[in-house]
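Undergrad: have a look at this fold, sequence not included:
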């Protein structure tokens, strides 16, 4: 069993934790219910946002890390169309995902929030920043994705080339519909330092909860987004932490030093370093949290 769920007492619709990880859901409008899991009950909430086709499950080690915390609440949720959340036909853009996130924050009455997105989850948190500002934000953590999805060359901190001359964007947009199993399997192997059949099967199972059509749309709409100005505007105003895979150190370091030089930066592992290297990742997280304590 990957996550141990311990007992909790329900009082007036609220969960009182006894030290475990709670699995819950919140209705953000008449058509959308978001599944989330949380641990700890501190005044500051760290919201972990999964990437493309992924769910709360990938943050199991982070939720476990905050079990019993009196200072922090760690919360991970499934965006619409992913995991155990609602599967509507419409609304599969990162701007809409950000509006869903805003509703989640409002429904749970969260005030001091640290957003921690991973992969396309970074795009989601930056879409939130773009639309709702920093009023409820205490800090931002970006896990292995920069603010711009496309660029002219691979010397930039991007996922795709503007002209898609390498076919990478097309592979994720059309390939996920035409050759789903292969795309998921190969992408899973790429994300991992240790791509064992068991690990690849685990990621594939999580991805199975997102339809190919939704996966194609969320990838395609992400292609056009650039939140560089929004992120740069936080320099010196909101604490920032970047945790980036080793192979992107050169290009990421160049962008970070040029645009948000006061940010904290850690390089480790591959794309799922938080899952494969939980001790190292959580230590970096704790160090950052200690550095902003009281801010």
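TA: Looks like it arrived, so ask away. Everything quoted here is computed from the prediction, not taken from an experiment.

Undergrad: give me the three-state assignment for the nearest residue to residue 87 once chain neighbours are set aside.
TA: Ranked by CB to CB, 6 or more residues apart in numbering and with sequence neighbours excluded, the top spatial neighbour of residue 87 is residue 81, at 5.7 Å. All C-beta spots, glycine's among them, are computed from the backbone N, C-alpha and C. In three-state terms, and counting by DSSP: H, G, I helix; E, B strand; the rest coil, residue 81 is coil.

Undergrad: wait, residue 211 sits on residue 81?
TA: Yes: Residue 211 is in contact with residue 81 according to CB atoms under 8 Å; the separation is 7.2 Å.

Undergrad: pull the number of nearby residues for the nearest residue to residue 272 once chain neighbours are set aside.
TA: Using CB to CB, 6+ apart and skipping residues adjacent in sequence, the residue nearest residue 272 is residue 191, 4.8 Å away. Other residues within reach of residue 191 by the criterion other CB atoms under 10 Å amount to 23.

Undergrad: point out where the stretch 151-295 of the chain drops to low pLDDT.
TA: Confidence mapping of the stretch 151-295 of the chain against pLDDT under 70 gives the ranges 294-295.

Undergrad: now the helices for it?
TA: Applying DSSP state H, counting those that start in this stretch to the stretch 151-295 of the chain gives helices spanning 168-173, 175-178, 180-191, 197-207, 212-222, 228-232, 249-259, 273-276, 278-291.

Undergrad: which one, of the ones you listed, ends up nearest to residue 124?
TA: Residue 124 lies closest, by CB to CB, to one member of the helices of the stretch 151-295 of the chain: helix 212-222, at 9.3 Å.

Undergrad: I'd say residue 39 and residue 64 touch.
TA: Yes: Residue 39 lies in contact with residue 64 (CB under 8 Å); the separation is 7.1 Å.

Undergrad: higher neighbour count, these two?
TA: Each of residue 39 and residue 64 has its neighbours counted (other CB under 10 Å); residue 39 has more, 24 against 17.

Undergrad: tell me the phi and psi of the more buried one?
TA: phi -150, psi 150 (degrees, to the nearest 10).

Undergrad: quick check: beta-bridge partners of it?
TA: Taking DSSP bridges as the rule, residue 39 bridges to residue 74.

Undergrad: look up how far residue 45 lies from it.
TA: According to CB to CB, to the nearest Å, residue 39 and residue 45 sit 11 Å apart.

Undergrad: common neighbours of these two, please.
TA: 73, 74 (CB atoms under 8 Å, 6 or more residues apart in numbering).

Undergrad: quick one: pLDDT of residue 2?
TA: On the pLDDT scale, residue 2 is placed at 37.
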